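Chemist: this one's sequence-less:
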Ligand SMILES: C[C@](O)(CO)[C@H](O)COP(=O)(O)OP(=O)(O)OC[C@H]1O[C@@H](n2ccc(N)nc2=O)[C@H](O)[C@@H]1O
Ligand SMILES: Nc1ncnc2c1ncn2[C@@H]1O[C@H](COP(=O)(O)OP(=O)(O)OP(=O)(O)O)[C@@H](O)[C@H]1O
């Protein structure tokens with residue numbers, strides 16, 4: 001069985017408090033984008049994991065897909081062995097949730113492959129054990145998220161027909177370190193009210209990671225400015241970076257920001 005785990009962008013990301021468990025309280029709108037990996041899982045005589053495409057840092061045993069398998073196996077001891085092939089295309093350490101998407105899609109795929117008949121809320125519960133971003137990718141529709149990112153409600157936001165240009169400037173940012181650099185601030189306005197007014201996004205929608213990461217990586221601020229110069233109606237960093245994206249009403253011409261880096265450009 002083959003699936004195509006997709007990336008997400010964050011529209012607004014507010015880090016409102018540090019928790020006693022080491023995580024941070026956030027508020028954000030997570031939106032799926034059609035930038036994908038490819039993931040194949042088959043029943044096999046013994047467990048195998050191979051990947052192609054972008055190199056994945058770390059030990060294959062620690063890959064979130066195998067963690068997803070082991071998590072299910074704890075509760076369903078009869079699960080057969082699996083053979084996994086992941087073609088990695090979504091940049092890593094990019095704030096695009098690629099690893100989280102692989103994990104959630106693996107859970108959903110195995111639910112079908114092994115005929116477990118688990119409902120989405122149970123899959124989301126497993127996904128939350130693998131990462132804060134993971135539950136979002138079970139339903140994979142626009143969501144307002146809160147808590148550490150695992151509490152979700154549907155968002156009416158619809159970007160269909162808009163254009164996105166996203167640049168990953170080869171800067172790997174660790175999510176943990178990015179959170180450690182932020183001073184949490186309570187959110188005084190309403191994210192959903194802001195999202196309802198795209199004309200106001202430039203003033204009311206912000207990613208709290210930008211304040212601490214732009215001084216460390218001035219290129220990220222330059223990329224954002226280039227999107228605005230090219231006519232974007234909104235531009236921001238996604239998640240904990242380092243991807244920066246611009247949203248456009250119509251297909252934009254080639255941008256200076258696109259030269260030399262990984263670029264994803266698509267109509268949504
Ligand atoms: C930046 C975002 O992508 C925004 O959507 C997410 O908050 C990150 O979610 P994620 O990559 O799934 O993160 P996790 O794997 O759960 O956590 C990685 C590390 O990031 C930090 N972390 C993560 C989420 C959160 N709400 N607060 C945190 O402080 C913690 O130090 C944690 O050890
Ligand atoms: N299937 C996978 N794909 C990518 N990274 C994985 C995977 N499994 C485990 N990892 C580990 O997770 C780390 C980061 O993953 P990911 O690409 O989701 O981060 P990110 O792009 O910063 O996303 P976000 O911060 O939005 O969660 C990698 O450094 C890697 O070691």
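Modeler: Thanks, I have the structure now. Nothing here was measured: the structure is a model prediction, and the numbers come from that model. Ligands and ions are numbered 1, 2, ... in the order given.

Chemist: what about the strands in the chain?
Modeler: With DSSP state E as the definition, the chain shows strands at residue ranges 2-3, 6-18, 24-36, 38-44, 48-53, 81-88, 143-146, 151-154, 163-168, 234-237, 244-248, 262-267.

Chemist: possible to save these as JSON lines with distance to residue 199 and mean pLDDT?
Modeler: For the C-beta atoms, the positions are set from N, CA and C on the backbone; glycine is no exception. Shown next, in JSON lines, are the strands of the chain (distance: least, Cβ to Cβ, whole Å; pLDDT from 0 to 100):
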{"stretch": "strand 2-3", "distance to residue 199": "37", "mean pLDDT": "98"}
{"stretch": "strand 6-18", "distance to residue 199": "14", "mean pLDDT": "98"}
{"stretch": "strand 24-36", "distance to residue 199": "17", "mean pLDDT": "98"}
{"stretch": "strand 38-44", "distance to residue 199": "38", "mean pLDDT": "98"}
{"stretch": "strand 48-53", "distance to residue 199": "39", "mean pLDDT": "97"}
{"stretch": "strand 81-88", "distance to residue 199": "37", "mean pLDDT": "98"}
{"stretch": "strand 143-146", "distance to residue 199": "20", "mean pLDDT": "98"}
{"stretch": "strand 151-154", "distance to residue 199": "23", "mean pLDDT": "97"}
{"stretch": "strand 163-168", "distance to residue 199": "17", "mean pLDDT": "97"}
{"stretch": "strand 234-237", "distance to residue 199": "10", "mean pLDDT": "98"}
{"stretch": "strand 244-248", "distance to residue 199": "13", "mean pLDDT": "97"}
{"stretch": "strand 262-267", "distance to residue 199": "21", "mean pLDDT": "96"}
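
Chemist: which one of those lies closest to ligand 2?
Modeler: strand 81-88 (5.9 Å; Cβ to the nearest ligand atom).

Chemist: so residue 113 is in contact with residue 39, correct?
Modeler: No: here residue 113 does not reach residue 39: they are 11.7 Å apart, not a contact under Cβ atoms under 8 Å.

Chemist: okay, those two: which has more neighbours?
Modeler: Neighbour tally, residue 113 and residue 39, criterion other Cβ atoms under 10 Å: the higher count belongs to residue 39, 23 against 16.

Chemist: the more buried one against residue 106, yeah?
Modeler: Yes: with contact defined as Cβ under 8 Å, residue 39 reaches residue 106; the gap is 6.5 Å.

Chemist: mutual contacts of the two, please.
Modeler: Common contacts of residue 39 and residue 106 (Cβ atoms under 8 Å, 6 or more residues apart in numbering): 65, 84.

Chemist: smallest gap between the chain and ligand 2, at which residue?
Modeler: For the chain, Cβ to the nearest ligand atom, closest residue to ligand 2: residue 99, 3.0 Å.
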